[in-house]
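Novice: model the structure of this input:
(one chain, ligands or ions: 1)
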Amino acid sequence: MKLDKVIQNAQMICDAIASVIDIDVTIVDETLMRIAGTGRYQESIGENVSDHSAFSYAIKTGSEFIIENPGDHLACKMCDCKNKCSEHAEVCCPIKWENETIGVIGLIAFEKTQRDHIIENQKNLLQFLNRMAELIASKVNEQEAVEEMALLAKELEIVVDAIDSGFIAIRNDGKVIRANHKILKMVDKERLESLSDLLDPKEVEIVLNAKRALSNRSYRFNAEERGLYDVSLIQIGAEIKGYVITFRTIEDVINTVNEVLLDVVTTRFEHIIGHSDALCQAKAMAGKVAGSTSTVLILGESGTGKELFARAIHQASQRQKKPFVAVNCAAIPEQLLESELFGYEEGAFTGAKKGGKPGKFQLANKGTLFLDEIGDMPLHLQAKLLRVLQENQVERLGGKTPIAIDVRIIAATNQDLELKVDEGAFRKDLYYRLNVIPITVPPLRNRKEDIPELVWTMVRRASQKLGKSIGSIEETCFDHLNRYDWPGNVRELENTIEYAVNMCDDHTLRMQCLPKKLQKKHDGEMSDVIQHRIESKVEQLEFEEAPLKASQKTVFEFETLAELEKRSIIAALEYYRPYKKSAEKAAKVLGISRAKLYRKIAEYKLNEANDDEK
Ligand SMILES: Nc1ncnc2c1ncn2[C@@H]1O[C@H](COP(=O)(O)OP(=O)(O)OP(=O)(O)O)[C@@H](O)[C@H]1O
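Specialist: As a prediction, the model looks like this:
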């Protein structure tokens, strides 16, 4: 019902016509409802006219006509009032919009003088009425356009408000013509009159004179509100009509960076391989505290999976959608660690970047900060870290305003922190602050039952990565992997498997694929524990330059003395094989003469050492 939109205009037009020609005027819409009328028609506005009336005929035929003698005209044929019509004459004209009849405007004579007037001026009146019908249709058009504009404006407003960045549209002179909700949260409304109330003069000049889109320019509304802004042109043809500027807060920028760069790896507890009691206990404990905001201290030797645990805790926490930022306190030079952690302001020191730099605390805001190797943090930073943890705010280097942060700390170390505290190398108060929930990740040698699962998973992963298809592992090879002590823990196992898969030429991982040090154990059939003890004794001996006493090597239990001797000789020979005068060194370590060593080598049918000294 297009005419619904222009009821007021329709009535005004009816009134105007009636006052000029003194004949009643009425308008019905396409459903035959009277929407306007003068004189006696006023009372029936809102009512429907008969489906058999002349108006109905005009709508059906879509043509104009004049009824000079009511009752005789085709339009009167079906009319209910055909024989009792009170009208003297009628002019009907369809109102057309986009080729459709959307209503009818009619002049009705109820007196003879009015009829005469119609008959005398019928041509002019028809023309006039047609113009009026067109006028009404144009009002419909206008109204449609207004509604469309209003809809567009509403849609635009919703879109603009849905933008997660602050948004303004400005004219060429910098006058702000539109702003979204987000920018209103960033600055006071009074500052949204003109661009010069928002940005400093240099930036305003750059924006208004650039004549091109700009991106990632930095803004600062006040001490806290700062970030980056982009500019797009509002251009019609060649003419620039204005600009659209979007402002992203520093937090938004950080979050975007985090999403793209920082934690692309999602680690869940099920990714921590192993079902040994020791590991399951650690996993259960970590799972239990994941949901809490308390600080966690993960203890364990290097390569046991402490970072994996930290990531899994983060992933199981409510912060999972927020950043996980890892900092290795031992890997960053002491002078840089402070600015890495806390950030710095522009000009804080020589070489400081323009615009300053957010620290890891700020980058991890609302998420988790993993402080790896916390035992290596210098004492003066420990004090600052403690302050940050207590006050939940950081101050950038060279900055004056503290920045509120909400970060969960997970720290990790492979050092004995209590010992460090006793030695005065670690602050006691910080230790207690971090050690709220300690979780110990056991070394691999204490959960050897996890090795098979780890080996198979890692073989599969490495095969996939290196494009190999390894489906089996030779028994002796598997046995060696199981029996080795893995001082470097899972990391060492992972690297060993990657090495072995690289070396593998067919579908089975064999002994010869393993690194030499693992193969050696096979040759000598020596237990890893024993091998280690021997090697450390050798190192100790070399250090002290004192001969190793035979009594110090009595670590072979439940073996015959002959076996013990053979293994010990093999170990010493293997160890010194790459060195010059290896036999002499081996003999020294074994506490026997060189000659006796050669006799033993012959007796046990062993490979000889470098005989450059024979
Ligand atoms: N249980 C496990 N299951 C699967 N992979 C593991 C497991 N434990 C450790 N890893 C893998 O071993 C490597 C070392 O793990 P991670 O870096 O977590 O150890 P870490 O204890 O933090 O070492 P560091 O003390 O040297 O920092 C990583 O590649 C990790 O994916």
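
Novice: only alpha carbons, please: show stretch 467-477 as PDB.
Specialist: Only the C-alpha atoms of stretch 467-477 are listed here, as PDB (Å, rounded to 0.1, in the frame of the first residue of the first chain):
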ATOM      1  CA  GLY A 467      58.200 -37.600   4.400                       C
ATOM      2  CA  LYS A 468      59.200 -41.100   5.400                       C
ATOM      3  CA  SER A 469      57.000 -44.100   6.200                       C
ATOM      4  CA  ILE A 470      58.500 -45.900   9.100                       C
ATOM      5  CA  GLY A 471      56.200 -48.600  10.400                       C
ATOM      6  CA  SER A 472      58.400 -50.700  12.700                       C
ATOM      7  CA  ILE A 473      61.300 -50.400  15.100                       C
ATOM      8  CA  GLU A 474      63.900 -53.100  15.400                       C
ATOM      9  CA  GLU A 475      63.800 -54.800  18.700                       C
ATOM     10  CA  THR A 476      67.300 -54.100  19.800                       C
ATOM     11  CA  CYS A 477      66.900 -50.500  18.700                       C
END
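
Novice: check which residues of it are buried.
Specialist: Residues of stretch 467-477 classed as buried by neighbour count (16 or more other C-beta atoms under 10 Å): 468, 470, 473, 477. Quick note: C-beta positions are derived from backbone N, CA and C, even for glycine.

Novice: need the contact list for the first one.
Specialist: What it means is residue 468. Each residue near residue 468 by C-beta atoms under 8 Å, 6 or more residues apart in numbering is listed here: 462, 501, 504.

Novice: take those residues and keep only those in strands.
Specialist: Judged by DSSP state E, strands contain none of the contacts of residue 468.

Novice: let me see the ranges of the strands in the stretch 351-500 of the chain.
Specialist: 357-358, 368-372, 393-394, 403-404, 408-413, 437-440, 472-473 (DSSP state E, counting those that start in this stretch).

Novice: tabulate those strands (a markdown table), appending distance to residue 305 and mean pLDDT.
Specialist: Listed next are these as a markdown table, based on distance: least, C-beta to C-beta, whole Å; pLDDT from 0 to 100:
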| stretch | distance to residue 305 | mean pLDDT |
| --- | --- | --- |
| strand 357-358 | 29 | 80 |
| strand 368-372 | 12 | 96 |
| strand 393-394 | 29 | 90 |
| strand 403-404 | 33 | 88 |
| strand 408-413 | 10 | 96 |
| strand 437-440 | 11 | 96 |
| strand 472-473 | 22 | 89 |
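
Novice: what's the distance between the residue in the stretch 201-350 of the chain that the ligand sits nearest to and residue 460?
Specialist: As assessed by C-beta to the nearest ligand atom, the ligand sits closest to residue 305 within the stretch 201-350 of the chain, at 2.6 Å. Going from residue 305 to residue 460 by C-beta to C-beta, to the nearest Å gives 18 Å.

Novice: again, but for residue 327
Specialist: On the measure of C-beta to C-beta, residue 327 and residue 460 end up 31 Å apart.

Novice: could you do residue 275 as well?
Specialist: The gap separating residue 275 from residue 460 is 17 Å, by C-beta to C-beta.

Novice: okay, those two: which has more neighbours?
Specialist: The neighbour comparison of residue 275 against residue 460 (other C-beta atoms under 10 Å) goes to residue 460, with 14 against 11.

Novice: ok, the residue lying closest to residue 91 once chain neighbours are set aside - contacts?
Specialist: The shortest distance from residue 91 to any non-neighbouring residue, by C-beta to C-beta, 6 or more residues apart in numbering, is to residue 107 (4.3 Å). Residues near residue 107 by C-beta under 8 Å, 6+ apart: 17, 21, 23, 24, 25, 90, 91, 118, 125, 129.

Novice: which residues does residue 107 bridge with?
Specialist: Judged by DSSP bridges, the bridge partners of residue 107 are residue 25, residue 91.

Novice: and it, how far is that from residue 241?
Specialist: 48 Å.

Novice: also residue 377?
Specialist: With C-beta to C-beta as the criterion, residue 377 and residue 241 are 56 Å apart.

Novice: and for residue 201?
Specialist: From residue 201 across to residue 241, the span is 23 Å (C-beta to C-beta).

Novice: ok, now residue 182?
Specialist: According to C-beta to C-beta, residue 182 and residue 241 sit 23 Å apart.

Novice: got the residues of the chain near the ligand?
Specialist: 272-274, 300, 302-308, 372, 412, 414, 490-491, 494 (C-beta under 6 Å from any ligand atom).

Novice: ok, back up a step: more neighbours: which of residue 182 and residue 241?
Specialist: Using other C-beta under 10 Å as the criterion, residue 182 and residue 241 rank with residue 182 on top: 20 against 12.

Novice: and the more buried one, which helix or strand is it part of?
Specialist: Element membership of residue 182 [criterion: DSSP states H and E] is helix 181-186.

Novice: for whatever helix or strand comes next after that helix, packing partners?
Specialist: Stepping forward along the backbone from helix 181-186, the first helix or strand reached (DSSP H and E) is helix 201-210. With contacts defined as 3 or more C-beta pairs under 8 Å, 6 or more residues apart in numbering; DSSP states H and E, the secondary structure elements packing on helix 201-210 are strand 214-220, strand 239-249.

Novice: helix 201-210 vs strand 239-249, what angle?
Specialist: With axes from the mean of the first three to the mean of the last three C-alpha atoms, to 10 degrees defining the directions, helix 201-210 sits at 140 degrees from strand 239-249.

Novice: okay, now the unreliable bits of the stretch 201-350 of the chain?
Specialist: Residue ranges of the stretch 201-350 of the chain with pLDDT under 70: 258-265, 350.

Novice: for the nearest residue to residue 214 once chain neighbours are set aside, give the beta-bridge partners.
Specialist: Closest residue to residue 214 apart from its sequence neighbours, by C-beta to C-beta, 6+ apart: residue 231 at 4.1 Å. Bridge pairing for residue 231 (DSSP bridges) gives the partners residue 214, residue 245.

Novice: and the residues of the chain next to the ligand, which are buried?
Specialist: Buried subset of the residues of the chain next to the ligand (neighbour count, 16+ other C-beta under 10 Å): 272-274, 300, 303-308, 372, 412, 414, 490, 494.

Novice: on that earlier part again, so how far is residue 281 from the residue of the stretch 201-350 of the chain closest to the ligand?
Specialist: On the measure of C-beta to C-beta, residue 305 and residue 281 end up 14 Å apart.
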